[in-house]
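Asks: Here is my input, please return the structure:
(2 chains)
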Number of protein chains: 2
Amino acid sequence: MTMRSSSLVVVPAREGRAFPLSAGQRIQISDVEGGQVGDVFAFVRDNPTEYHSAAHTRAHVDRLFPTLGEQFVTDRRRPILTLAEDSSPGHHDLLIPACDPARYAALGVGDSHPSCAENLHAALVPLGVSVDVVPQPINVFMYVQVNTDGTLSWLPAPTRAGDAVVFEAALDCIVVVSACPQDVVGINGGRPTPLAVELFDTAG
Amino acid sequence: MTMRSSSLVVVPAREGRAFPLSAGQRIQISDVEGGQVGDVFAFVRDNPTEYHSAAHTRAHVDRLFPTLGEQFVTDRRRPILTLAEDSSPGHHDLLIPACDPARYAALGVGDSHPSCAENLHAALVPLGVSVDVVPQPINVFMYVQVNTDGTLSWLPAPTRAGDAVVFEAALDCIVVVSACPQDVVGINGGRPTPLAVELFDTAG
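Replies: Reported below is the predicted structural model:
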């Protein structure tokens, strides 16, 4: 059972926001209009040089993609988040890095296109935090299909309006949510839209 | 066609060594006794804050695992290595992070067990290079099987004595090779053994 403790924050299309969480608190990320990917990063609050690592999580859970109840671990192999609730179709990617200026330059739309990498850094500024890295994110609602020959297909996010995931913090941490600005590759159906975030305290 | 330009260097079991390469040079990594995984890292030689990134490589090639001719790219999406030759069964992992003291502590054998993460840092010392990161390596000869339900199985390396891979440098770089000391999980058949490294210039 969860209890609301904050008002809803809209992460505008193509932008990012940072949310400090205490251990035990939960963060709900909702797809407002449907079909929108969110890049989720998590840093240890009192030492952001430790952060969620997709590679270490894969070795910890021995799975390609996240599943309900899964623990996400840091680059020092400590649990930092748990996937506590999921009302979406359940496709979340843990293979693909954040989009960045080099990605958009390679896609032929120049290096001034908004990106999740730049959203991460901008989102941390109001907290007075800066990090040297862009960790590989948890790409919520992103549907990457692994084909039988080992190739990857990037499919449009199958989420409907209102679909949501909830993560519970296992450590005091900062969670950054970027509403992915990708409008060249079809993962957001060609039209980036907002995400909505709510924080909850876990109630007895 | 390649031409030998250096004598063979043995990377002893459980240890790591670093090799500066110029663009166009090739590095051959051979499994001396068979069944041995090598963790391979690559850093840009004049700026080691840029390095091979498994996640960016996945997005670049749209494949889970490396294949012959594949380009590996840095965290800034620049090609740094190409898989030029492969006489092994062809299983090389790009999903699993380097073993480290936290991994061995979790496996119940204490945090003083040798690890690829520590081998990386130790190998760079003679070059006067230090890095703040342990990038997710290219795990040559490591056989991670993806099951139909998305779970991962860590299988013993199927390499025979003398099997080898050759990478060609696309940038001036430092390649670190660690003969993985993992003897708890069965990837090295429970018995870590050496690797052998040779550098070649590409001949016309």
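Asks: any idea how far the nearest residue to residue A:172 once chain neighbours are set aside is from residue A:70?
Replies: Using CB to CB, 6 or more residues apart in numbering or on different chains and skipping the chain neighbours, the partner closest in space to residue A:172 is residue A:45 (4.2 Å). Every residue, glycine included, has its C-beta placed from N, CA and C. Applying CB to CB, to the nearest Å, the value for residue A:45 to residue A:70 is 21 Å.
Asks: quick one on the thing from earlier: burial check on the residue nearest to residue A:172, number of neighbours?
Replies: As a burial measure, residue A:45 scores 19 neighbours (other CB atoms under 10 Å in any protein chain shown).
Asks: for residue A:97, same thing?
Replies: Neighbours around residue A:97, by other CB under 10 Å: 25.
Asks: Any residues of chain A in contact with chain B? List them.
Replies: Listed as neighbours of chain B in chain A under the rule CB under 8 Å from any CB of the partner chain: A:49, A:53-56, A:58-59, A:62-65, A:75-78, A:95-97, A:100, A:102-103, A:106, A:132-134, A:136, A:146, A:150-154.
Asks: Narrow the residues you listed to just the buried residues.
Replies: A:53-56, A:58-59, A:63-65, A:75-78, A:95-97, A:100, A:102-103, A:133-134, A:136, A:146, A:152, A:154 (16 or more other CB atoms under 10 Å in any protein chain shown).
Asks: Let's see which of the residues you listed end up in helices.
Replies: A:54-56, A:58-59, A:102-103 (DSSP state H).
Asks: Spatially, which two of those residues are the most separated?
Replies: Distances among these were taken as CB to CB; the most separated pair is A:59 and A:102, at 27.0 Å.
Asks: I'd guessed residue A:182 sits against residue A:188; true?
Replies: Yes: contact criterion CB atoms under 8 Å: residue A:182 and residue A:188 qualify, at 5.5 Å.
Asks: and for these two, which residues touch both?
Replies: Common neighbours of residue A:182 and residue A:188, using CB atoms under 8 Å, 6 or more residues apart in numbering or on different chains, are residue A:37.
Asks: how about the nearest residue to residue A:75, chain neighbours excluded?
Replies: Closest to residue A:75 by CB to CB, 6+ apart is residue A:53, at 4.0 Å.
Asks: Now do the contacts for that neighbour.
Replies: Neighbouring residues of residue A:53 by CB under 8 Å, 6+ apart: A:73-75, A:135-136, B:97.
Asks: residues touching the residue nearest the centre of chain A, list them.
Replies: Residue closest to the average C-alpha location in chain A (CA atoms, centre = their mean): residue A:40, at 1.8 Å. Neighbouring residues of residue A:40 by CB under 8 Å, 6+ apart: A:29, A:137-140, A:167, A:175-178.
Asks: what do you get if the cut-off is 7 Å, keeping everything else the same?
Replies: The contact partners of residue A:40, by CB atoms under 7 Å, 6 or more residues apart in numbering or on different chains, come to A:29, A:137-138, A:140, A:175, A:177.
Asks: And the furthest pair within these?
Replies: Largest separation among these by CB to CB: A:29 and A:137, giving 12.0 Å.
Asks: neighbour-wise, which of the two wins?
Replies: Taking other CB under 10 Å, residue A:29 and residue A:137 do not tie; residue A:137 has more neighbours (29 against 24).
Asks: Give me the spatial nearest neighbour of that one, chain neighbours excluded.
Replies: Among residues not flanking residue A:137 along the chain, residue A:39 sits closest, at 4.0 Å (CB to CB, 6+ apart).
Asks: rewinding a little: pLDDT for the contacts of residue A:53 - can I get that in a markdown table?
Replies: Shown next, in a markdown table, are these (pLDDT from 0 to 100):
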| residue | pLDDT |
| --- | --- |
| A:73 | 98 |
| A:74 | 98 |
| A:75 | 98 |
| A:135 | 98 |
| A:136 | 98 |
| B:97 | 98 |
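Asks: Closest one of the residues you listed to residue A:23?
Replies: Nearest to residue A:23 out of the contacts of residue A:53 is residue A:74 (CB to CB; 13.3 Å).
Asks: got the contact list for the closest residue to residue A:170 other than its chain neighbours?
Replies: Leaving aside its sequence neighbours, residue A:170 sits nearest to residue A:79 (CB to CB, 6+ apart; 4.2 Å). By CB under 7 Å, 6+ apart, residue A:79 lies in contact with A:71, A:73, A:170.
Asks: for chain A, what spans make up the helices?
Replies: Going by DSSP H, chain A shows helices at A:54-61, A:101-106, A:116-124.
Asks: Next, format those as JSON lines and append mean pLDDT.
Replies: Rendered in JSON lines, the data for the helices of chain A read as follows (pLDDT from 0 to 100):
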{"stretch": "helix A:54-61", "mean pLDDT": "97"}
{"stretch": "helix A:101-106", "mean pLDDT": "95"}
{"stretch": "helix A:116-124", "mean pLDDT": "98"}
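Asks: follow-up on the earlier one: just the pLDDT for the residue nearest to residue A:75.
Replies: What the model reports as pLDDT for residue A:53 is 98.
Asks: try residue A:4
Replies: pLDDT at residue A:4 comes out at 60.
Asks: and if you look at residue A:202?
Replies: 74.
Asks: Equivalent analysis for residue A:96, please.
Replies: Looking at residue A:96, the pLDDT reads 98.
Asks: That one and residue B:61 touch, don't they?
Replies: No: if you go by CB atoms under 7 Å, residue A:96 and residue B:61 don't touch, sitting 11.9 Å apart.
Asks: Walk me through the regions of chain A where pLDDT falls short of the threshold, as ranges.
Replies: Judged by pLDDT under 70, chain A has its weakly predicted residues at A:1-6, A:203-204.
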